[in-house]
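Visitor: dropping a prediction and its sequence here:
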Amino acid sequence: MSSRISARIGAISESATLAVDSKAKALKAAGRPVIGFGAGEPDFPTPDYIVEAAVEAARDPKNHRYSPAGGLPELKQAIVDKTKRDSGYEVEAAQVLVTNGGKHAVYNTFATLLDPGDEVLLPAPYWTTYPEAILLAGGVPVEVLADESQDYLVTVEQLEAARTDKTKALLFCSPSNPTGAVDSRESIEAIGRWALEHDIWVITDEIYEHLTYDGVQSTSIPVVVPELADRTVVLNGVAKTYAMTGWRVGWMIGPKDVIKAATNLQSHQTSNVGNIAQRAAIAALTNDLSAVEEMKVAFDRRRRTMVRMLNEIPGVECPTPTGAFYAYPSVKGLLGKHINGRTPTTSAELAEIILDEAEVAVVPGEAFGAPGYLRMSYALGDEDLAEGIGRMAKLLS
(Lines give C-alpha, C1' and ligand atoms only; values in the text may rest on other atoms or scores of the structure.)
Protein backbone atom coordinates (compact mmCIF):
# COMPACT_ATOMS: atom_id res chain seq x y z
CA MET A 1 0.00 0.00 0.00
CA SER A 2 1.41 3.39 -0.96
CA SER A 3 1.98 6.07 1.64
CA ARG A 4 -0.55 8.87 1.90
CA ILE A 5 2.32 11.39 2.06
CA SER A 6 4.89 11.67 -0.71
CA ALA A 7 8.40 10.49 0.13
CA ARG A 8 9.73 13.92 -0.79
CA ILE A 9 7.52 15.78 1.69
CA GLY A 10 7.49 13.00 4.28
CA ALA A 11 11.27 13.28 4.57
CA ILE A 12 11.14 16.94 5.66
CA SER A 13 11.87 17.63 9.31
CA GLU A 14 9.82 20.24 11.14
CA SER A 15 11.67 23.51 11.73
CA ALA A 16 13.27 22.88 15.13
CA THR A 17 13.46 26.56 16.00
CA LEU A 18 9.79 27.15 15.23
CA ALA A 19 8.85 23.93 17.04
CA VAL A 20 10.64 25.06 20.21
CA ASP A 21 9.09 28.53 19.95
CA SER A 22 5.63 27.03 19.41
CA LYS A 23 5.98 24.71 22.41
CA ALA A 24 7.17 27.58 24.61
CA LYS A 25 4.22 29.76 23.56
CA ALA A 26 1.76 26.92 24.13
CA LEU A 27 3.10 26.30 27.65
CA LYS A 28 2.98 30.03 28.35
CA ALA A 29 -0.63 30.18 27.16
CA ALA A 30 -1.41 27.33 29.54
CA GLY A 31 -0.15 29.42 32.44
CA ARG A 32 3.42 28.13 32.71
CA PRO A 33 6.05 30.89 33.21
CA VAL A 34 8.15 29.69 30.29
CA ILE A 35 10.92 31.92 28.93
CA GLY A 36 11.78 31.19 25.30
CA PHE A 37 15.24 31.61 23.77
CA GLY A 38 14.21 29.75 20.63
CA ALA A 39 12.99 32.11 17.94
CA GLY A 40 15.21 34.45 15.95
CA GLU A 41 12.77 37.31 16.26
CA PRO A 42 13.41 40.85 17.55
CA ASP A 43 11.15 41.72 20.47
CA PHE A 44 10.72 45.26 19.15
CA PRO A 45 7.64 46.42 17.23
CA THR A 46 8.06 47.33 13.57
CA PRO A 47 8.93 51.06 13.43
CA ASP A 48 5.88 53.35 13.21
CA TYR A 49 6.75 54.92 9.85
CA ILE A 50 6.75 51.47 8.25
CA VAL A 51 3.40 50.57 9.81
CA GLU A 52 1.90 53.88 8.66
CA ALA A 53 3.06 53.21 5.10
CA ALA A 54 1.25 49.86 5.23
CA VAL A 55 -1.96 51.45 6.58
CA GLU A 56 -1.90 54.01 3.79
CA ALA A 57 -1.22 51.31 1.20
CA ALA A 58 -4.16 49.25 2.45
CA ARG A 59 -6.51 52.13 1.63
CA ASP A 60 -5.26 52.43 -1.97
CA PRO A 61 -7.29 50.21 -4.35
CA LYS A 62 -4.28 49.65 -6.62
CA ASN A 63 -2.84 47.47 -3.86
CA HIS A 64 -5.98 45.33 -3.83
CA ARG A 65 -5.05 43.77 -7.18
CA TYR A 66 -2.44 41.40 -8.55
CA SER A 67 0.97 42.94 -9.13
CA PRO A 68 4.02 41.55 -10.99
CA ALA A 69 5.03 38.12 -9.70
CA GLY A 70 8.64 39.20 -9.30
CA GLY A 71 7.90 42.22 -7.12
CA LEU A 72 6.68 45.81 -7.35
CA PRO A 73 9.02 47.83 -9.58
CA GLU A 74 9.36 50.46 -6.84
CA LEU A 75 10.46 47.83 -4.32
CA LYS A 76 12.93 46.27 -6.74
CA GLN A 77 14.50 49.68 -7.26
CA ALA A 78 14.58 50.28 -3.49
CA ILE A 79 16.44 46.96 -3.10
CA VAL A 80 18.91 47.98 -5.82
CA ASP A 81 19.55 51.31 -4.08
CA LYS A 82 19.77 49.77 -0.61
CA THR A 83 22.22 47.10 -1.80
CA LYS A 84 24.56 49.74 -3.23
CA ARG A 85 24.22 51.90 -0.09
CA ASP A 86 24.77 49.13 2.45
CA SER A 87 27.25 46.76 0.85
CA GLY A 88 28.61 48.60 -2.18
CA TYR A 89 27.22 45.97 -4.55
CA GLU A 90 25.83 47.48 -7.77
CA VAL A 91 23.01 45.52 -9.44
CA GLU A 92 20.02 46.16 -11.70
CA ALA A 93 16.31 45.70 -11.01
CA ALA A 94 16.28 42.76 -13.46
CA GLN A 95 18.60 40.96 -11.02
CA VAL A 96 16.08 41.12 -8.15
CA LEU A 97 13.21 38.79 -7.21
CA VAL A 98 10.99 39.74 -4.23
CA THR A 99 9.95 36.64 -2.28
CA ASN A 100 7.59 35.68 0.54
CA GLY A 101 10.22 36.05 3.24
CA GLY A 102 13.81 34.86 3.39
CA LYS A 103 12.92 31.15 3.48
CA HIS A 104 11.13 31.47 0.15
CA ALA A 105 14.26 33.05 -1.33
CA VAL A 106 16.33 30.12 -0.02
CA TYR A 107 14.03 27.53 -1.57
CA ASN A 108 13.63 29.38 -4.87
CA THR A 109 17.40 29.62 -5.22
CA PHE A 110 18.10 25.93 -4.68
CA ALA A 111 15.15 24.88 -6.83
CA THR A 112 16.45 27.08 -9.65
CA LEU A 113 20.11 26.02 -9.48
CA LEU A 114 20.13 22.35 -8.51
CA ASP A 115 19.62 19.17 -10.48
CA PRO A 116 19.15 15.79 -8.73
CA GLY A 117 22.40 14.67 -7.12
CA ASP A 118 24.10 18.07 -7.15
CA GLU A 119 26.05 18.60 -3.93
CA VAL A 120 25.92 21.77 -1.84
CA LEU A 121 28.67 22.43 0.68
CA LEU A 122 26.96 23.42 3.92
CA PRO A 123 29.13 24.81 6.72
CA ALA A 124 27.87 23.56 10.07
CA PRO A 125 26.47 24.67 12.45
CA TYR A 126 23.83 25.77 9.92
CA TRP A 127 20.33 27.24 9.97
CA THR A 128 17.78 24.41 10.07
CA THR A 129 16.05 25.33 6.80
CA TYR A 130 19.12 25.08 4.54
CA PRO A 131 19.47 21.27 4.33
CA GLU A 132 15.72 20.77 3.96
CA ALA A 133 15.55 23.27 1.08
CA ILE A 134 18.52 21.59 -0.61
CA LEU A 135 16.92 18.15 -0.29
CA LEU A 136 13.55 19.41 -1.55
CA ALA A 137 15.31 20.72 -4.66
CA GLY A 138 16.88 17.30 -5.29
CA GLY A 139 20.31 18.31 -4.04
CA VAL A 140 22.61 16.68 -1.50
CA PRO A 141 23.78 18.74 1.50
CA VAL A 142 27.42 18.07 2.39
CA GLU A 143 28.11 19.25 5.93
CA VAL A 144 31.45 20.88 6.76
CA LEU A 145 31.80 21.30 10.53
CA ALA A 146 33.51 24.31 12.09
CA ASP A 147 33.42 24.06 15.89
CA GLU A 148 34.19 26.54 18.68
CA SER A 149 37.94 25.85 18.44
CA GLN A 150 37.89 27.82 15.15
CA ASP A 151 35.20 30.30 16.22
CA TYR A 152 32.66 28.41 14.10
CA LEU A 153 34.29 29.74 10.89
CA VAL A 154 34.89 27.28 8.07
CA THR A 155 38.23 27.37 6.21
CA VAL A 156 39.09 27.05 2.53
CA GLU A 157 41.03 23.89 3.40
CA GLN A 158 37.92 22.30 4.89
CA LEU A 159 35.81 23.27 1.88
CA GLU A 160 38.42 21.88 -0.52
CA ALA A 161 38.53 18.61 1.42
CA ALA A 162 34.74 18.27 1.04
CA ARG A 163 34.63 19.23 -2.66
CA THR A 164 33.87 16.52 -5.23
CA ASP A 165 33.10 16.50 -8.93
CA LYS A 166 29.42 16.75 -7.92
CA THR A 167 29.85 19.98 -5.93
CA LYS A 168 27.57 22.61 -7.50
CA ALA A 169 27.31 25.27 -4.80
CA LEU A 170 28.39 26.60 -1.43
CA LEU A 171 25.91 28.00 1.07
CA PHE A 172 27.55 30.89 2.93
CA CYS A 173 26.04 32.77 5.88
CA SER A 174 27.87 35.64 7.62
CA PRO A 175 26.87 36.92 10.16
CA SER A 176 25.82 33.39 11.02
CA ASN A 177 22.63 31.89 12.27
CA PRO A 178 23.00 29.96 14.60
CA THR A 179 26.45 30.91 15.93
CA GLY A 180 26.68 34.68 15.55
CA ALA A 181 30.12 34.26 13.96
CA VAL A 182 31.23 36.82 11.36
CA ASP A 183 33.86 36.03 8.72
CA SER A 184 36.62 38.56 8.11
CA ARG A 185 36.94 40.32 4.77
CA GLU A 186 40.16 38.37 4.12
CA SER A 187 38.48 35.02 4.82
CA ILE A 188 35.52 35.90 2.61
CA GLU A 189 37.82 36.88 -0.23
CA ALA A 190 39.77 33.63 0.11
CA ILE A 191 36.57 31.57 0.01
CA GLY A 192 35.33 33.58 -2.97
CA ARG A 193 38.59 33.03 -4.88
CA TRP A 194 38.41 29.31 -4.14
CA ALA A 195 34.80 29.12 -5.40
CA LEU A 196 35.76 31.05 -8.54
CA GLU A 197 38.69 28.73 -9.22
CA HIS A 198 36.47 25.65 -9.03
CA ASP A 199 33.44 27.10 -10.83
CA ILE A 200 31.22 26.74 -7.76
CA TRP A 201 28.06 28.77 -7.18
CA VAL A 202 27.88 30.76 -3.94
CA ILE A 203 24.53 31.35 -2.25
CA THR A 204 25.24 34.00 0.39
CA ASP A 205 22.64 34.76 3.06
CA GLU A 206 23.08 38.36 4.23
CA ILE A 207 19.93 38.81 6.29
CA TYR A 208 21.95 39.71 9.43
CA GLU A 209 24.27 42.14 7.60
CA HIS A 210 23.52 45.10 9.90
CA LEU A 211 23.68 43.20 13.19
CA THR A 212 27.39 43.26 14.02
CA TYR A 213 29.24 44.32 17.18
CA ASP A 214 32.67 45.21 18.58
CA GLY A 215 33.57 47.16 15.45
CA VAL A 216 33.18 44.07 13.24
CA GLN A 217 31.81 44.67 9.72
CA SER A 218 29.98 42.27 7.43
CA THR A 219 31.27 41.87 3.88
CA SER A 220 29.40 40.87 0.73
CA ILE A 221 31.29 38.22 -1.22
CA PRO A 222 30.62 39.58 -4.77
CA VAL A 223 32.01 42.96 -3.64
CA VAL A 224 35.40 41.55 -2.65
CA VAL A 225 35.45 39.04 -5.54
CA PRO A 226 33.61 40.87 -8.37
CA GLU A 227 34.43 38.13 -10.90
CA LEU A 228 32.22 35.79 -8.85
CA ALA A 229 29.07 37.91 -9.33
CA ASP A 230 27.89 35.81 -12.28
CA ARG A 231 27.86 32.72 -10.04
CA THR A 232 26.53 34.33 -6.86
CA VAL A 233 23.01 34.64 -5.44
CA VAL A 234 22.57 37.05 -2.53
CA LEU A 235 19.68 36.36 -0.13
CA ASN A 236 18.26 39.06 2.12
CA GLY A 237 15.08 40.56 3.56
CA VAL A 238 13.59 43.10 5.94
CA ALA A 239 12.80 40.68 8.79
CA LYS A 240 15.78 41.10 11.12
CA THR A 241 16.95 44.63 10.34
CA TYR A 242 13.55 46.29 10.74
CA ALA A 243 11.80 43.89 13.18
CA MET A 244 9.50 42.75 10.35
CA THR A 245 9.58 38.96 10.75
CA GLY A 246 5.81 38.65 10.31
CA TRP A 247 5.58 40.82 7.18
CA ARG A 248 7.21 38.14 4.99
CA VAL A 249 9.29 40.12 2.52
CA GLY A 250 12.62 38.75 1.33
CA TRP A 251 14.53 38.79 -1.93
CA MET A 252 17.19 37.15 -4.01
CA ILE A 253 19.74 39.01 -6.14
CA GLY A 254 21.57 37.13 -8.87
CA PRO A 255 22.43 36.82 -12.55
CA LYS A 256 19.53 37.80 -14.82
CA ASP A 257 18.98 34.29 -16.22
CA VAL A 258 18.73 32.82 -12.72
CA ILE A 259 16.35 35.54 -11.53
CA LYS A 260 14.17 35.14 -14.64
CA ALA A 261 13.93 31.38 -14.07
CA ALA A 262 13.19 31.82 -10.34
CA THR A 263 10.53 34.41 -11.20
CA ASN A 264 8.89 31.90 -13.55
CA LEU A 265 8.86 29.39 -10.68
CA GLN A 266 7.34 31.91 -8.29
CA SER A 267 4.69 32.89 -10.85
CA HIS A 268 3.27 29.38 -10.47
CA GLN A 269 3.98 29.01 -6.73
CA THR A 270 2.61 32.16 -5.14
CA SER A 271 2.38 34.99 -7.69
CA ASN A 272 3.22 38.32 -6.04
CA VAL A 273 4.15 38.93 -2.43
CA GLY A 274 1.35 40.78 -0.59
CA ASN A 275 1.27 44.35 -1.87
CA ILE A 276 0.73 45.90 1.56
CA ALA A 277 3.86 44.20 2.90
CA GLN A 278 5.80 45.25 -0.21
CA ARG A 279 4.77 48.90 0.31
CA ALA A 280 5.88 48.63 3.94
CA ALA A 281 9.23 47.23 2.77
CA ILE A 282 9.68 50.20 0.43
CA ALA A 283 9.24 52.54 3.41
CA ALA A 284 11.77 50.50 5.39
CA LEU A 285 14.44 50.45 2.70
CA THR A 286 14.13 54.06 1.57
CA ASN A 287 14.59 55.43 5.09
CA ASP A 288 17.83 55.48 7.08
CA LEU A 289 19.12 52.80 9.44
CA SER A 290 18.40 54.63 12.69
CA ALA A 291 15.81 52.01 13.73
CA VAL A 292 18.31 49.16 13.55
CA GLU A 293 20.96 51.25 15.31
CA GLU A 294 18.58 51.68 18.26
CA MET A 295 17.87 47.95 18.37
CA LYS A 296 21.58 47.15 18.18
CA VAL A 297 22.24 49.04 21.41
CA ALA A 298 19.85 46.69 23.21
CA PHE A 299 21.10 43.59 21.38
CA ASP A 300 24.70 44.43 22.26
CA ARG A 301 23.86 44.88 25.95
CA ARG A 302 21.95 41.59 26.03
CA ARG A 303 24.73 39.82 24.13
CA ARG A 304 27.30 40.72 26.74
CA THR A 305 24.97 39.78 29.60
CA MET A 306 24.14 36.41 28.03
CA VAL A 307 27.75 35.45 27.33
CA ARG A 308 28.86 36.44 30.84
CA MET A 309 26.04 34.55 32.59
CA LEU A 310 26.41 31.42 30.46
CA ASN A 311 30.15 31.24 31.05
CA GLU A 312 29.52 31.37 34.80
CA ILE A 313 27.68 28.02 34.59
CA PRO A 314 30.09 25.11 35.21
CA GLY A 315 30.33 22.91 32.11
CA VAL A 316 29.22 25.64 29.70
CA GLU A 317 31.63 27.36 27.27
CA CYS A 318 30.23 30.27 25.29
CA PRO A 319 32.36 32.11 22.72
CA THR A 320 31.46 35.78 22.26
CA PRO A 321 29.39 36.19 19.06
CA THR A 322 30.09 39.29 16.95
CA GLY A 323 26.97 39.20 14.78
CA ALA A 324 23.25 38.38 14.52
CA PHE A 325 21.46 37.90 17.87
CA TYR A 326 22.42 34.39 18.94
CA ALA A 327 24.86 32.81 21.34
CA TYR A 328 25.94 29.23 20.68
CA PRO A 329 27.35 27.77 23.88
CA SER A 330 29.00 24.36 24.05
CA VAL A 331 27.30 22.21 26.70
CA LYS A 332 29.46 19.13 26.21
CA GLY A 333 30.65 19.56 29.79
CA LEU A 334 27.12 18.97 31.08
CA LEU A 335 26.46 15.72 29.22
CA GLY A 336 26.55 12.72 31.54
CA LYS A 337 25.94 14.93 34.59
CA HIS A 338 23.07 14.09 36.96
CA ILE A 339 20.44 16.85 36.87
CA ASN A 340 17.42 16.46 39.14
CA GLY A 341 17.53 12.70 38.81
CA ARG A 342 18.06 12.73 35.05
CA THR A 343 21.26 12.25 33.06
CA PRO A 344 21.38 13.83 29.59
CA THR A 345 23.67 12.17 27.05
CA THR A 346 22.86 14.58 24.21
CA SER A 347 22.18 18.31 23.91
CA ALA A 348 18.65 17.41 22.76
CA GLU A 349 18.03 15.58 26.03
CA LEU A 350 19.56 18.46 27.97
CA ALA A 351 17.26 20.96 26.25
CA GLU A 352 14.28 18.80 27.22
CA ILE A 353 15.40 18.74 30.86
CA ILE A 354 15.91 22.52 30.88
CA LEU A 355 12.39 23.04 29.55
CA ASP A 356 10.81 20.56 31.98
CA GLU A 357 12.75 21.54 35.10
CA ALA A 358 13.56 25.25 34.62
CA GLU A 359 10.76 26.21 32.21
CA VAL A 360 13.27 27.67 29.78
CA ALA A 361 13.10 26.87 26.05
CA VAL A 362 16.37 26.53 24.11
CA VAL A 363 17.16 24.86 20.77
CA PRO A 364 19.63 21.95 20.86
CA GLY A 365 22.61 21.77 18.52
CA GLU A 366 21.21 18.67 16.80
CA ALA A 367 18.90 21.03 14.90
CA PHE A 368 21.92 22.81 13.41
CA GLY A 369 24.07 19.82 12.49
CA ALA A 370 26.28 20.19 15.59
CA PRO A 371 25.26 18.13 18.65
CA GLY A 372 26.67 19.25 21.98
CA TYR A 373 25.54 22.87 21.79
CA LEU A 374 22.52 25.08 22.43
CA ARG A 375 21.37 28.04 20.37
CA MET A 376 20.01 30.87 22.45
CA SER A 377 18.57 34.06 20.98
CA TYR A 378 19.15 37.30 22.87
CA ALA A 379 16.39 39.06 20.94
CA LEU A 380 14.19 39.11 24.03
CA GLY A 381 13.73 41.51 26.95
CA ASP A 382 16.57 42.12 29.40
CA GLU A 383 14.58 40.92 32.40
CA ASP A 384 13.46 37.69 30.72
CA LEU A 385 17.01 37.05 29.54
CA ALA A 386 18.50 37.40 33.02
CA GLU A 387 15.68 35.42 34.64
CA GLY A 388 15.91 32.61 32.07
CA ILE A 389 19.66 32.13 32.32
CA GLY A 390 19.41 32.49 36.09
CA ARG A 391 16.98 29.57 36.17
CA MET A 392 19.34 27.53 33.97
CA ALA A 393 22.27 28.33 36.27
CA LYS A 394 20.30 27.24 39.33
CA LEU A 395 19.33 23.95 37.68
CA LEU A 396 22.71 23.15 36.13
CA SER A 397 25.18 24.33 38.80
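Guide: Sure, I can see it.
Visitor: so how far is the helix or strand hosting residue 277 from its chain's centroid?
Guide: Residue 277 is part of helix 275-286 when elements are defined by DSSP states H and E. Centre-to-centre, helix 275-286 and its host chain are 21 Å apart (CA atoms, centre = their mean, to the nearest Å).
Visitor: how about stretch 305-318?
Guide: For stretch 305-318, the separation from the chain centroid amounts to 23 Å (computed by CA atoms, centre = their mean).
Visitor: for stretch 372-391, same thing?
Guide: Its chain's C-alpha centre lies 18 Å from the corresponding centre of stretch 372-391 when counted by CA atoms, centre = their mean.
Visitor: quick one: buried residues of that stretch?
Guide: 372-380, 385, 388-389, 391 (16 or more other CB atoms under 10 Å). All C-beta spots, glycine's among them, are computed from the backbone N, C-alpha and C.
Visitor: need those in CSV (columns: pLDDT and distance to residue 94).
Guide: Listed next are the buried residues of stretch 372-391 as CSV, based on pLDDT from 0 to 100; distance: CB to CB, whole Å:
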residue, pLDDT, distance to residue 94
372, 96, 45
373, 97, 41
374, 97, 43
375, 96, 37
376, 96, 41
377, 96, 36
378, 96, 39
379, 93, 35
380, 91, 40
385, 96, 44
388, 97, 47
389, 98, 48
391, 98, 52
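Visitor: pipe these into JSON lines and attach distance to residue 229 and secondary structure per row.
Guide: Listed next are the buried residues of stretch 372-391 as JSON lines, based on distance: CB to CB, whole Å; DSSP: H, G, I helix; E, B strand; the rest coil:
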{"residue": "372", "distance to residue 229": "38", "secondary structure": "coil"}
{"residue": "373", "distance to residue 229": "34", "secondary structure": "strand"}
{"residue": "374", "distance to residue 229": "37", "secondary structure": "strand"}
{"residue": "375", "distance to residue 229": "32", "secondary structure": "strand"}
{"residue": "376", "distance to residue 229": "36", "secondary structure": "strand"}
{"residue": "377", "distance to residue 229": "33", "secondary structure": "strand"}
{"residue": "378", "distance to residue 229": "34", "secondary structure": "coil"}
{"residue": "379", "distance to residue 229": "32", "secondary structure": "coil"}
{"residue": "380", "distance to residue 229": "38", "secondary structure": "coil"}
{"residue": "385", "distance to residue 229": "40", "secondary structure": "helix"}
{"residue": "388", "distance to residue 229": "43", "secondary structure": "helix"}
{"residue": "389", "distance to residue 229": "43", "secondary structure": "helix"}
{"residue": "391", "distance to residue 229": "48", "secondary structure": "helix"}
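Visitor: just to revisit the earlier point, helices or strands up against the helix holding residue 277?
Guide: helix 48-58, helix 73-87 (3 or more CB pairs under 8 Å, 6 or more residues apart in numbering; DSSP states H and E).
Visitor: what's residue 320 in contact with, if anything?
Guide: 214, 303, 307 (CB atoms under 8 Å, 6 or more residues apart in numbering).
Visitor: separation between it and residue 304?
Guide: Counting by CB to CB, to the nearest Å, the separation of residue 320 from residue 304 is 8 Å.
Visitor: buried ones among the contacts of residue 320?
Guide: Buried by 16+ other CB under 10 Å: 303, 307, out of these.
Visitor: now, which of the contacts of residue 320 lie within strands?
Guide: Judged by DSSP state E, strands contain none of these.
Visitor: turn the contacts of residue 320 into a markdown table, columns for pLDDT and distance to residue 193.
Guide: Output for the contacts of residue 320, formatted as a markdown table (pLDDT from 0 to 100; distance: CB to CB, whole Å):
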| residue | pLDDT | distance to residue 193 |
| --- | --- | --- |
| 214 | 97 | 27 |
| 303 | 97 | 32 |
| 307 | 98 | 33 |
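Visitor: ok, of the contacts of residue 320, which one's closest to residue 326?
Guide: residue 303 (9.2 Å; CB to CB).
Visitor: my guess is that closest one meets residue 377, correct?
Guide: No. Residue 303 lies out of contact with residue 377 (CB atoms under 8 Å); the separation is 10.5 Å.
Visitor: what's the closest non-adjacent residue to residue 231?
Guide: Leaving aside its sequence neighbours, residue 231 sits nearest to residue 201 (CB to CB, 6 or more residues apart in numbering; 5.0 Å).
Visitor: tell me how many other residues surround that neighbour.
Guide: Residue 201 is flanked by 23 other residues according to other CB atoms under 10 Å.
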